[in-house]
Each structure stands twice: as C-alpha cells, then as structure tokens.
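>>> build me a model from this:
(chains A, B, C and D)
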2 protein chains.
Amino acid sequence: MTAVSATHESPSRERIETSILVAAEEVFSQHGYRGASLQMIADRVGLPKANILYYMGSKQALYVRLLNRMMRRWNEVLEDITPDSDPATVLSDFIRTKMVLGQRYPEGSKLFAAEILAGAPFLSDYLGGELRDWVSSRAAIIRQWSAQGKMDAVDPRWLIFLIWSATQHYTEYSAQVSGILGRDALTEDDLESISSFLEHVILKGCGVTSPAPNNSAPKSSADAHSVEK
Amino acid sequence: MTAVSATHESPSRERIETSILVAAEEVFSQHGYRGASLQMIADRVGLPKANILYYMGSKQALYVRLLNRMMRRWNEVLEDITPDSDPATVLSDFIRTKMVLGQRYPEGSKLFAAEILAGAPFLSDYLGGELRDWVSSRAAIIRQWSAQGKMDAVDPRWLIFLIWSATQHYTEYSAQVSGILGRDALTEDDLESISSFLEHVILKGCGVTSPAPNNSAPKSSADAHSVEK
DNA sequence: GAATTTTTTGACCGATCGGTCAATATAGGT
DNA sequence: ACCTATATTGACCGATCGGTCAAAAAATTC
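The predicted structure follows:
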C-alpha cells in the first residue's frame, strides 16, 4: 500500500470515478437532476448501469458530489480583496476570472444553472450561507470604495450580480449565443473581445477611476478593442 | 359540428386549456422537458393524466405550444427603433422592458432558459433564424449610433447580450438571488433599484449621451438611487 | 496456490414514464 | 325524447426509471 494514505483510492478506481463524474456532469447539466438517467450516464462512460451505482452509491450521491466538486473549483478562485485594493484591477480581475472559469468548466457551470432553475433544492444551504457571506463581505468593501470616492455609489449587490450574469451568460446560454452568431463555438478572439467589452462598460459605468499605472498587469492594454468614441 | 371552424373553442375548453398551460409551464420550467412528467402537471391542475393528453395531444405538443406562446409574448415587445432614435431612451426602454417582461412571465422565462440549457433542441431554428435576424438588425443600428458619435464603439452584439443576461438573471436565478438577499422574493423597490442601476451602468458605460430632456418620461428621475460619486 | 477482497455484470424488483383505448357521462341540437 | 358530438376517466400497454442482489471474474494478500 506504499503508505501514501490520505483519501486513498487505487489509481485505477480514481480514473474510473473521474470518467463517471465527467459523463454525469454532461448529462445532469443538459437535463437537470430529474431529467438525467443513470442509463444515459452509463452509456456515455461505456459501463453497465450497475457499475455506476457501485462506484457512486446512488443518483443523489453522484449529483451532490458533482455540486460539491463545482463549489470547490469555484472557491479556489475567490481571491482576497481589501478596501485598499484598487477597484479597477479588482473588478477587472473578477470579470476576467469569471469569464475564464465558465470556459474551463462549462458543464459544471450549466449544472449549477440547472440546479438553481429547479429551485436550488440541494443548494439552498450554500446560497443562504457561504455564498451569502461572500457577497456581503465583498459588498461592504465596494461600499467603502464608493465612500472613498473611488467609484460611483452603486448598489454593490447589483454590481456583483451584473458581473455574475454577464459572464455566465456565455457558458450557460452557449446554445443561444452560437445559434445567433452562427458559429459552433466562441473563438479565443471572441472571448477576449467580450472580456474587453465587459471591462470597458462595467468599469466606466461604475465611474471607476483608471487603475494606478504602476500595476503589475502583464496582460497588455485591456482596451485594445473597445475604443472610446 | 356547428361549422364554426377556425380556432374557436368553447369558453370552458379554453379555460381548461389555459389552466393546463399554466401548470405545465411551472413543471417544465423547473425540471426541463425530460424531467417533467405529465402526472406532475395533471396533479397540479387536479385532472386525471388522460385528460391532459386529451387536450394537448402529447407531451411534446404541449411543450412546443408553451415555447411558441412564450415566443409570441416576447415578440409583442420588440419595438421598432431607427438610427434617428435616441440611444439613451431606446437602451433605457430596452432594459426596463426586459426587466418587466421577466417579472410578468417568470415561468415562461425559466422555460426558455431550461430549453437552451438542454441545447435548444426545439429552438435551434428560432435562434438561428428569427432571433438572429432581430439581433443583426439592432446591431446595425447601434453601429450607426457609434459612427454618429452618439456612443462608444462597442460591439453591439455583446451589448445586446449584456442587457439580455443582466435582466434575465433576476427571473431565472430568482432562487439564487433571494437566497443571497435572504428574502423570499424581490420587492417593487428592489426592481426599481435594479433597473436604475442597470440603466446607469450600461448607458454610462457605453458613453451614451444623456437623452434629450424633452423626453416623455413620466417615471420621475431614473437616477434617484445610483448617484455619481 | 489458497484465501480473501474488490470489481464486474446480468437479472430482476416495484414504481413511474408517455401514451392508448374503450366504456361512460355530459351537453347541445332538433 | 332522441341523436350526436364532446368530455371524462380508469384500466392497461411496453418501456424505462433508480436500485438490489447474487454469482462470476479479477485482483490482491499471505
């Protein structure tokens, strides 16, 4: 057993479980909890249905495991900000990070969306607890920025929801977006163009003073696309 | 057969069908097409399951009827705009209209969202056709506005998607929003506050020159809440 | 190589799925 | 009253649902 310990699992088992999770994420995100079936997941992995239950225990256990996995990935990105931070860089980072996150885990994001559409039966605790605290703390800081004259006195909660919705739109409504654009998927250029646009509109719209030029941003000029009139 | 023909229906039949549509809209929006069952709908209406099929023909027919109904309601609101229109009032109207629409038909909006999450199997024609044309025509006008110096040279498509997502967020993610706000539902004040915020940020963010003051807005000052720094 | 544990899999369970059908009840026209 | 068209409903169909189980197979341990 080589004593590697921790939550040990044989590497083969871990590989199988991962492949199941990937397949399940697709199916649940497309059809929701009720609409997904273990048979569809099993077919996608290429395993008999009984095997899914052997590894995951039950449909519900598999589902909440996926939700937790997605929440964990989400938490990894919740950087710390303080009232002394520069609003421009923080908001800009927030927008771009959320944008990247949605592209990295499109199925997980859709899974979340479907869960919330269904009334968040498995996530109500998380929404009213952890996530709520996260929003309040960020809101408090944004309020201080407004008080310090660093930006307009907008309601921080609506601002957070705005960034949230605007970025997630491109992953959860990818079918709509690509249908309208007449393209199968968004290109790298699209994503950069969208990010620049959101950065431009939201920062300018909130009256955020341009970031201190002594910034450590190696990302070239962010306003390469959207130019002022 | 009384030869009345056409779409006439006895008033009692129409009442029953409407009640079925209302119930079905709730169930489909929560659980998606696959996750919804005729039995759940029947229970909600208080009718035997066979009756639902008698009036609606099949699950799929009921579903597409709901989608079409929602598309019709949506089209009623697609006002006409021209390059001569004032960008500020048009964008402001667009934001507020979408906001009201989502509040008026929350279940229908969620139904759309679930359909698109599932990959829009029943709506791909609509998205790549009617809706796509609508977006292109509006985009062309917005581009003219930019060329005329009435606003920044932002990508019109991203702007449309921004307004789209930001407003719909509050109906489709109502479970998340109310969970975070710690409230059961959004109040009238919330909605006005959100609308004002979006108006403020998006118009200012796009560099839209303030509307001609000879506007017919009886809605008091829109910037009552969000104040400049 | 025997013993033991882990994995695989088809068969099967009761419940529910969308949908059909025939028997019955109701309503409207004459 | 009679006839016809519409509406109502329980019973039923094959398919699929989530989940169980036991027997066989494979891997692991000693």
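>>> counting contacts, what elements does the host helix or strand of A:Phe112 pack onto?
Per DSSP states H and E: A:Phe112 is located in helix A:106-117. Contacts defined by 3 or more CB pairs under 8 Å, 6 or more residues apart in numbering or on different chains; DSSP states H and E place helix A:106-117 against helix A:11-35, helix A:59-75, helix A:156-172, helix B:11-35, helix B:106-117, helix B:156-172, helix B:174-181. Every C-beta, even on glycine, is put in place using the N, C-alpha and C of the backbone.
>>> and that helix, what's its mean pLDDT?
Computed over helix A:106-117, the mean pLDDT rounds to 97.
>>> so what pLDDT did A:Ala42 get?
The model's pLDDT for A:Ala42 equals 98.
>>> if we can go back for a sec, so is the helix holding A:Phe112 next to DNA strand D?
No. Helix A:106-117 stays out of contact with DNA strand D when judged by CB under 7 Å from any atom of the strand, the minimum separation being 14.3 Å.
>>> what residues does that helix touch?
A:22, A:25-26, A:28-33, A:66-67, A:69-70, A:73, A:101-102, A:121-123, A:168, A:171-172, A:174, B:29-30, B:32, B:110, B:113-114, B:117, B:172-173, B:175-176 (CB atoms under 8 Å, 6 or more residues apart in numbering or on different chains).
>>> for A:Gln144, which non-adjacent residue is spatially closest?
Leaving aside its chain neighbours, A:Gln144 sits nearest to A:Pro83 (4.3 Å; criterion: CB to CB, 6 or more residues apart in numbering or on different chains).
>>> over to A:Ser37?
A:Val27 (7.7 Å).
>>> and the gap between the one you found and chain B?
10 Å (CB to the nearest CB, to the nearest Å).
>>> and chain A, what are its domains?
Residue ranges for the domains of chain A, per automatic domain parsing: A:11-67, A:77-205.
>>> which residues of chain A score low on pLDDT?
Along chain A, segments meeting pLDDT under 70 span A:1-8, A:11, A:211-229.
>>> got the residues of it near DNA strand D?
So chain A meets DNA strand D at A:1, A:10, A:12, A:36-40, A:49-50, A:53, A:58-60 (CB under 7 Å from any atom of the strand).
>>> any of these buried? List them.
A:Ala36, A:Leu38, A:Met40, A:Lys59 (16 or more other CB atoms under 10 Å in any protein chain shown).
>>> how about the strand or helix carrying the third one, does it get close to chain B?
This means A:Met40. A:Met40 belongs to helix A:38-45 when elements are defined using DSSP H and E. No. On the criterion CB under 8 Å from any CB of the partner chain, helix A:38-45 is out of touch with chain B, staying 9.4 Å away.
>>> so what does that helix touch, helix or strand wise?
So helix A:38-45, by 3+ CB pairs under 8 Å, 6+ apart, packs with helix A:11-35, helix A:49-56.
>>> one step back: what is the neighbour count of the residue nearest to A:Gln144?
Using other CB atoms under 10 Å in any protein chain shown, A:Pro83 has 14 other residues around it.
>>> from A:Gly35, how far off is it?
Noted for A:Pro83: a distance of 45 Å to A:Gly35, by CB to CB, to the nearest Å.
>>> repeat that for A:Glu26.
For A:Glu26 relative to A:Gly35 (CB to CB), the value is 13 Å.
>>> verify the stated contact: A:Ser195 with A:Met99.
Yes. A:Ser195 lies in contact with A:Met99 (CB atoms under 8 Å); the separation is 5.2 Å.
>>> so, in contact with DNA strand C or not, stretch A:20-28?
No. Judged by CB under 7 Å from any atom of the strand, stretch A:20-28 and DNA strand C are separated, with a smallest distance of 10.0 Å.
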